[in-house]
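>>> Here's my sequence, what's the structure:
(one chain, ligands or ions: 1)
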Amino acid sequence: MIIAVTGTPGVGKTTVSKLLVEKLGYEYVNLRDYALEKGIGEMKGEELEVEVDELVYNFERDFKGKDIVVDGHLSHFLPADLVVVLRAHPRLIGERLKERGYSREKVGENVEAELVDVILVEALEENENVIEVDTTGKTPEEVVDEILGLIEKGVKKRVGLVDWSEAYDEIIPYLRL
Ligand SMILES: Nc1ncnc2c1ncn2[C@@H]1O[C@H](COP(=O)(O)OP(=O)(O)OP(=O)(O)O)[C@@H](O)[C@H]1O
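Prediction:
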């Protein structure tokens, strides 16, 4: 089974994916590293810009039918059996990305994306099987146990868990107003 772990930068995709592969005995694939390795996309400054179609074509050829967890904020565009969309309070995204030294522009862009569910909406447009998991106030272990519990129960769709509109006032300092 191909499990795609997606979400806003800083939400915890890599942390959760690595723990998930340990528990499932699957292979871990970091989508950015994979694209770089295959020469897909172009570096624009610090950012890797990829053609999604080219990424999907290569990925399908290399991984179809394998048991993998693919980690990346574009992973919901891949032909996955299950897409896990991680969510976190936009304040946490802001704090984490600021701590990583991201520019004010980049922090704002990602806090706003989390606030208005950009990745969730994209994932739902691309795939039938989408599970949303709110990581706020949970440990990575708790998040992974929740994902494993849903897989075990055969849950293929669970969305509409979070509404960050109440968070707006709290995150104004991060927004690009
Ligand atoms: N419940 C949680 N689940 C996942 N990560 C968490 C959780 N709580 C705190 N964290 C922390 O949040 C940070 C998330 O970083 P991580 O690199 O995993 O995010 P990411 O979504 O893969 O980022 P990027 O898209 O930029 O690669 C880590 O420092 C991790 O320890």
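>>> Let me know the pLDDT of the residue in the chain positioned nearest to the ligand.
Using Cβ to the nearest ligand atom, the closest approach of the chain to the ligand is made by Gly12 at 2.4 Å. Every C-beta, even on glycine, is put in place using the N, C-alpha and C of the backbone. Predicted confidence (pLDDT) at Gly12: the value is 98.
>>> Would you check that it makes contact with Val143?
Yes. Assessed by Cβ atoms under 8 Å, Gly12 is found in contact with Val143 at 7.1 Å.
>>> on that earlier part again, can you report how many residues neighbour the residue of the chain closest to the ligand?
22 (other Cβ atoms under 10 Å).
>>> related to what we said a few turns ago, now do the shared contacts for Gly12 and Val143.
By Cβ atoms under 8 Å, 6 or more residues apart in numbering, Gly12 and Val143 have these common neighbours: Leu86, Thr135.
>>> OK, contacts around the residue of the chain closest to the ligand?
Here Gly12 is in contact with Leu86, Ala88, Thr135, Pro140, Val143 (Cβ under 8 Å, 6+ apart).
>>> Against Leu97, how distant is the second one?
Right, Ala88. 11 Å (Cβ to Cβ, to the nearest Å).
>>> any common contacting residues for the two?
Gly10.
>>> What separation is there between Gly160 and Leu124?
Using Cβ to Cβ, Gly160 is found at 10 Å from Leu124.
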